[in-house]
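# A predicted structure for the sequence below; I have some questions about it.
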Amino acid sequence: MNNFSRNKFFTRFQSINKNYDWVLLTVVITLCIAGLTFLASALSVKVQADFYKELLKQMIFGLWIGGFLSYILARVDYHNLFKVKNTLLYITIVLLAFLAGFAIFTQVTGMSEAAKKVFIDGRANPIIAPSIANGSIRWIDTPLLLVQPSELAKLTLLIFFAAKINEFKDQEITWMSLKRPFYAFFLISSLIIVQPDLGSIVLIFCILFSAMWATKVPMKILGIVVTIVSIFVLISSFTTGYRLSRIKSAYDTKNATKAENYQTKNAQKAISDGGLWGAGYGNSIAKQQGIVPESSTDAIISIIAEEMGFIFTTLFLSLYIVFCFRGLKIAREAPDVGGKALAVGITIWIVLQAFWNVGGIIGLAPLKGLPLPFVSEGGTALVLNLASVGILMNISSQKNENNIASQVESKTNAGKRRRFLRNNG
């Protein structure tokens, strides 16, 4: 290898490894390590076999697969994702249609939740089957793990929008320019709503809206979209009993029934019992008594607060604020409008989901069942969160590569000027 080729190789290697946003990556690694640690505590009340099963599942199918995807996506140019946007969209639609079809079938036939489970269990060893929890059909049960297509829809729609907006970066953006992303959003929303899962639709819209706002989509288009989605959400909220009860339990705690605010009330008590310094790792009374439902998933922050205290929990949650600032910095310095849309969307997705999760537990927002990113138990969410971080890293590295090139050129020109002045001085 000649000197030129060797220098080019090492320059490329250094640009790949030195130009990531290491602050953001450190935040994510810290959250993942903390998540596994606190998940072990939350699961410790289970029998030993279930404890190891759930913990290994989180490690193997969450952290390892998610980490591998993150590594690959950090090194693959994010523009390649734009080339497979249609394939990703079709896969997401097929998975959601599978769940929607079963949900509609059970609604038409009037099946109870118990009857649905009997119907599924009665199939002859299905390779994949819908999974039911708390009356919702949001997961696909496979031999390896539960897959939640609505989580995939968040990333798929964001990639689809970013790809389309990148095609019109030098043109005026009109409604016709973005009609395909809007149609895709409303199609996927119609499939998610029958699960039912209104919260995911709202979160997906917030992700796309933030990406549209950051890429300067005209206010007229934004206004039309916000109006249509708001009407859809309001109608869906006030025509379904369980959605009304969740809103009521969040904002009308005095008149909410005991069942409606059971999880919130007990989670808040656990947080209060933790005080400033906490009861100590593994010493959660709420966990041991089993009075906080979903303590390893939706409500894991209540276990963290009870065991580690208010001060630690506040510092822990501040990591998401750091993530927000670093993610928006990557977006601001992205090499093109598609990269900016991806970076803003991913950042808002992670941060908004984190604070919606916490807000639901402490009563500032309706309970949605959203996992705390990088922390809660849940394979699909963790894999996709880590994959998204890989995309952020790739956008960051491309921005930095451009900066390095300009810095090298600037230094070269400065050197030439100094030599000229020295020779002619």
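That came through, no problem. Numbers count the residues shown, from 1 in each chain.
# Residues in contact with stretch 391-399: which ones?
Defining contact as Cβ atoms under 8 Å, 6 or more residues apart in numbering, one finds that stretch 391-399 is touched by 15-16, 19-21, 24-25, 70, 73-78, 81, 327, 330-331, 333-335, 339, 342-343, 346-347. All C-beta atoms are positioned from the backbone trio N, CA, C, and that covers glycine.
# can you check stretch 172-189 too?
89, 92-93, 96, 153, 157, 160-161, 164-165, 168, 171, 201, 204-205, 208, 215-218, 221, 224-225, 232.
# ok, residue 137 to residue 101 distance?
Distance from residue 137 to residue 101, counting by Cβ to Cβ, to the nearest Å: 10 Å.
# coming back round to it: please list only the buried members of the contacts of stretch 391-399.
15-16, 19-21, 24-25, 70, 73-74, 78, 81, 327, 330-331, 333-335, 339, 342-343, 346-347 (16 or more other Cβ atoms under 10 Å).
# residues in contact with the nearest residue to residue 275 once chain neighbours are set aside?
Counting by Cβ to Cβ, 6 or more residues apart in numbering, residue 309 is the residue found nearest to residue 275 once chain neighbours are left out, at 5.9 Å. Residues near residue 309 by Cβ under 8 Å, 6+ apart: 274-278.
# ok, and the most crowded of the residues you listed?
The residue in these with the most neighbours, by other Cβ atoms under 10 Å, is residue 274 (27 neighbours).
# Can you pull the phi and psi angles for that one?
phi -70, psi -30 (degrees, to the nearest 10).
# Contact partners for the residue nearest to residue 46 when sequence neighbours are not counted?
The shortest distance from residue 46 to any non-neighbouring residue, by Cβ to Cβ, 6+ apart, is to residue 54 (7.0 Å). Contact partners of residue 54, counting by Cβ under 8 Å, 6+ apart, are 39, 43, 46, 296, 377.
# Residue 361 and residue 39: what is the separation?
16 Å.
# next one: residue 93
32 Å.
# In terms of neighbours, single out the busier of the two.
It is residue 39, of residue 93 and residue 39, that has more neighbours when counted by other Cβ under 10 Å, with 24 against 18.
# And the more buried one, which helix or strand is it part of?
If you go by DSSP states H and E, residue 39 is part of helix 22-43.
# Give me the three-state assignment for residue 137.
Following DSSP: H, G, I helix; E, B strand; the rest coil, residue 137 is assigned to strand.
# That one: neighbour count?
The number of residues packed near residue 137 is 26, by other Cβ under 10 Å.
# all numbers from here: first residue = 12
In the new count, where the first residue is 12, that last one comes out as residue 148.
# Excluding chain neighbours, what is closest to it?
residue 114 (4.7 Å).
# roughly how far apart are the one you found and residue 305?
Applying Cβ to Cβ, the value for residue 114 to residue 305 is 21 Å.
# Which residue ranges of the stretch 62-211 of the chain form strands?
Secondary structure of the stretch 62-211 of the chain (DSSP state E, counting those that start in this stretch): strands at 140-144, 147-152, 157-158.
# Identify, out of these, the most deeply packed stretch.
Of all the strands of the stretch 62-211 of the chain, strand 147-152 has the most neighbours on average by mean count of other Cβ atoms under 10 Å, namely a mean of 21.
# Output the contacting helices and strands for that strand.
Strand 147-152 sits against helix 96-120, strand 140-144, strand 157-158, helix 160-178, with contacts defined as 3 or more Cβ pairs under 8 Å, 6 or more residues apart in numbering; DSSP states H and E.
# if we go to 10 Å?
Judged by 3 or more Cβ pairs under 10 Å, 6 or more residues apart in numbering; DSSP states H and E, the packing partners of strand 147-152 are helix 96-120, helix 124-132, strand 140-144, strand 157-158, helix 160-178.
# Compute the inter-axis angle for the longest one and strand 140-144.
The reference is to helix 96-120. If you take axes from the mean of the first three to the mean of the last three Cα atoms, to 10 degrees, helix 96-120 sits at 60 degrees to strand 140-144.
# now helix 96-120, how far from the chain's geometric center?
Mean-position distance between helix 96-120 and its chain equals 20 Å (Cα atoms, centre = their mean, to the nearest Å).
# buried ones in that helix?
Buried residues in helix 96-120, counted by 16+ other Cβ under 10 Å: 96, 99-100, 103-104, 106-107, 109-111, 113-114, 117.
# got the angle between it and helix 160-178?
Using the same axes, to 10 degrees, the inter-axis angle of helix 96-120 relative to helix 160-178 is 140 degrees.
# how much does helix 96-120 deviate in direction from strand 147-152?
Using the same axes, to 10 degrees: helix 96-120 against strand 147-152 is 120 degrees.
# Helix 96-120 - what's its average pLDDT?
What helix 96-120 shows for mean pLDDT is 87.
# ok, back up a step: got CSV for the contacts of residue 65, with distance to residue 366 and pLDDT too?
Formatted as CSV, those follow (distance: Cβ to Cβ, whole Å; pLDDT from 0 to 100):
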residue, distance to residue 366, pLDDT
50, 20, 88
54, 24, 82
57, 28, 71
307, 20, 78
388, 19, 83
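# Residue 72 versus the residue nearest to residue 57, what's the distance?
11 Å.
# In the stretch 212-361 of the chain, what residue spans correspond to strands?
Using DSSP E, counting those that start in this stretch, strands in the stretch 212-361 of the chain do not occur.
# got any ranges where the stretch 12-161 of the chain has weak pLDDT?
Where the stretch 12-161 of the chain drops to pLDDT under 70, the residues are 12-29, 58-63, 121-138, 144-146, 154-155.
# let's go with 80 and repeat that
Flagging of the stretch 12-161 of the chain using pLDDT under 80 yields the residue ranges 12-30, 55-72, 116-148, 150, 152-157.
# Kindly state which of the helices and strands packed on strand 147-152 is positioned closest to residue 380.
Nearest to residue 380, of all these, is strand 140-144, at 9.0 Å by Cβ to Cβ.
# Noted, bye for now.
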